[in-house]
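Participant: Just the structure for this:
(one chain, ligands or ions: 1)
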Amino acid sequence: MNKLWKWTSIVGGVFLALSFSVLLVYSATKPIVYTEDLEDEELEEEVQIGKLLEFTPTEETEIYLEFLPDTRLENIQISEDMSRNELFVDILDVKSLERVLATLEGNETLLAHAAWQKNEVGIRITLFLRDFYAYTYRWEENKLYLGLEKPRDKYTYIVAVNAAHGGSNTGNEVNGVKEKNVTLAVAKEVRKLLQEETVGVFLVRKDDSNLSAHKRAAYVMNLKPDLVLDLHCNVNGENERQFGTEIYYNEEYYWPDFTNAQFADQMERVLVEHIQGKANGIFPDTERKYPMIHLLEVPTISVELGYLTNKQEGKLLEQQSYYELLAQGLQLGTKEILENMDSKAQ
Ligand SMILES: [Zn+2]
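Facilitator: Numbers count the residues shown, from 1 in each chain. The predicted structure is shown next:
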């Protein structure tokens, strides 16, 4: 039985005035406990949804948009915000929707409603989906087909990787090396290495945007992963000789077969062995420096990849080859954790 449950309720939080209620989300194979709401001002703030857009309900599992002749795929950009279950189709360099779009068709079990608005680049169509979907698309004769799949239907394991910081929140910075860039580079490598047929890897932050902790948590809670890696880089201004890896965990959450400390320990051993580094140990985040491990009631560990203030390690943390090495270590550690989760579950 891979039943995850919490035994203690968490009170307070640096960023939240929250009331936790617990929602049991049963997926086909893995029951997981999640907190239901993440109410904060940012999530409350209403999206500018623009004008509602008519769509024709279909039985198909694909959504499609039929464009008028002359529309080219090069003028269309697709992106998403799955912390809100929203998919965006931007049509560049157009001023009125009537000039480009003929019809929109979609399955009502997937698509709740749609809206459009003008923006700086042209026109944005927002598709409000009913769940977290991974999307694919194809373009055929002026039609944009969007295939939607729930991660849990596709993958046995789901891993979320959070590249901490981003945008104006650079994190630690030493000699021009910014934590936000290191974490994103490593996260992308982890995805490349770990993603396979049975393992779906999702990046919470995909670019240099400054996402709030709550936005990140909302994304993860929609995704419902088995494991979350939260990546950071350390500094010690008082002792530049300090180097090595540390992993933080939340000791308040507990699973019957595993604790977060065990996940942290497994990861640190595998990672440090692979990179031939130094393990500084695993620590409960009693000072609450890592919001992700307190906001998420799924196995989450915050990994400090190394010290930017250390001469040698700081140099390594500038190099793509070292990002790849770190990612390999994280991949091996993650695989071991997932395997152990599985063997305990049987
Ligand atoms: Zn950090």
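Participant: Buried residues in the host helix or strand of Asp153, which are they?
Facilitator: Applying DSSP states H and E as the criterion places Asp153 in helix 151-154. Residues of helix 151-154 classed as buried by neighbour count (16 or more other C-beta atoms under 10 Å): Pro151, Arg152. In short, each C-beta sits where N, CA and C put it, glycine included.
Participant: Going forward, count from 42.
Facilitator: Done: numbering now begins at 42, and the last item shifts to helix 192-195.
Participant: Which helix or strand lies directly C-terminal to that helix?
Facilitator: Scanning onward from helix 192-195 (DSSP H and E), the first element met is strand 198-204.
Participant: which neighbours does that next one have in its sheet, and in what orientation?
Facilitator: Its sheet considered, strand 198-204 pairs with strand 240-244 (parallel), strand 268-275 (parallel) by DSSP bridges.
Participant: Can you check what angle separates the biggest helix by length in the chain from strand 198-204?
Facilitator: Ranked by number of residues, the top helix in the chain under DSSP state H is helix 361-386. Counting by axes from the mean of the first three to the mean of the last three C-alpha atoms, to 10 degrees, helix 361-386 points 140 degrees away from the direction of strand 198-204.
Participant: Tell me which of the strands paired with strand 198-204 sits most buried.
Facilitator: Mean neighbours per residue, mean count of other C-beta atoms under 10 Å, is largest over the strands paired with strand 198-204 for strand 268-275, with a mean of 25.
Participant: residue contacts, the residue nearest to the spatial centre of the chain?
Facilitator: Centroid check for the chain by C-alpha atoms, centre = their mean gives Val245 as the closest residue, at 2.1 Å. Shown in contact with Val245 (C-beta atoms under 8 Å, 6 or more residues apart in numbering): Ala201, Val202, Asn203, Ala204, Leu252, Arg257, Tyr260, Val261.
Participant: Check what pLDDT the fourth one gets.
Facilitator: According to the model's per-residue confidence, Ala204 sits at a pLDDT of 98.
Participant: The helix or strand that contains Ile164 pairs with which strands, parallel or anti?
Facilitator: Using DSSP H and E, Ile164 maps to strand 163-170. Each strand paired with strand 163-170, and its direction, by DSSP bridges: strand 127-133 (antiparallel), strand 152-159 (antiparallel).
Participant: outside of the longest one, which residues touch it?
Facilitator: Where contact means C-beta under 8 Å, 6+ apart, the residues beyond strand 152-159 that reach it are 89-94, 96, 104, 136, 138, 145, 147, 164-171.
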